[in-house]
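Student: turn this into a structure:
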Amino acid sequence: MKLRTHQDRLKIEHSIIDGLRPVLLRLLDATPEIRSIVPGVIRRVRDAKGKVHIHVTVPTSNGWKAIALASGARQELFFSTSLDQPALERAIDSALGHSSAIL
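Tutor: Predicted coordinates for the structure are as follows:
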């Protein structure tokens, strides 16, 4: 399946959970160190209520894996970036519109 892209940095193979796409676009616009974001499969969960939350979880070979929670669903996100975890968390926090860097 050919990937659809936004500015060659947001690669979309699957749907994106409600409210997440604008956050990812703001994150890409504000953070040139992020080479790409690949959203993964969506799974339904009971504890994902309210606004979008993103938690950076583990390093990958070329960046970081994160979990986005919103609208009763969770979605894996794969970030290709040279940023370290605290810097990526601050960038995500800023894109989410939070004033603190704690996620």
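
Student: in three-state terms, label the spatially most central residue of the chain for me.
Tutor: Closest residue to the average C-alpha location of the chain: Leu77 at 4.9 Å, with CA atoms, centre = their mean. Assigned state for Leu77: strand (three-state reduction, DSSP: H, G, I helix; E, B strand; the rest coil).

Student: just the pLDDT at it, thanks.
Tutor: On pLDDT, Leu77 comes in at 96.

Student: His98 too?
Tutor: You'll see His98 listed with a pLDDT of 74.

Student: what of the one 4 residues further on?
Tutor: The pLDDT attached to Ile102 in the predicted structure is 43.

Student: over to His6?
Tutor: On pLDDT, His6 comes in at 48.

Student: before we move on, what about Arg46?
Tutor: Here, the pLDDT recorded for Arg46 equals 84.

Student: can you tell me the closest non-neighbouring residue to it?
Tutor: Nearest residue to Arg46 in three dimensions, chain neighbours excluded: Gly72, at 7.3 Å (CB to CB, 6 or more residues apart in numbering). For every residue, glycine as well, the C-beta is placed using N, CA and C.

Student: which other helices and strands contact the longest strand along the chain?
Tutor: When the chain is parsed with DSSP state E, its longest strand is strand 34-44. Of the remaining helices and strands, those touching strand 34-44 by 3 or more CB pairs under 8 Å, 6 or more residues apart in numbering; DSSP states H and E are strand 10-12, helix 20-30, strand 63-70, strand 73-81.

Student: and it, C-alpha only, in PDB?
Tutor: What follows is strand 34-44, C-alpha atoms only, in PDB (Å, rounded to 0.1, in the frame of the first residue of the first chain):
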ATOM      1  CA  ILE A  34      11.200  15.400  13.400                       C
ATOM      2  CA  ARG A  35      11.800  13.700  10.100                       C
ATOM      3  CA  SER A  36       8.500  11.800  10.000                       C
ATOM      4  CA  ILE A  37       5.600  10.500  12.000                       C
ATOM      5  CA  VAL A  38       4.000   7.200  11.200                       C
ATOM      6  CA  PRO A  39       0.700   6.500  13.000                       C
ATOM      7  CA  GLY A  40       0.000   2.900  13.600                       C
ATOM      8  CA  VAL A  41      -3.100   0.800  14.100                       C
ATOM      9  CA  ILE A  42      -6.000   2.100  16.200                       C
ATOM     10  CA  ARG A  43      -7.300   0.000  19.100                       C
ATOM     11  CA  ARG A  44     -10.400   0.600  21.300                       C
END
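
Student: noted, bye for now.
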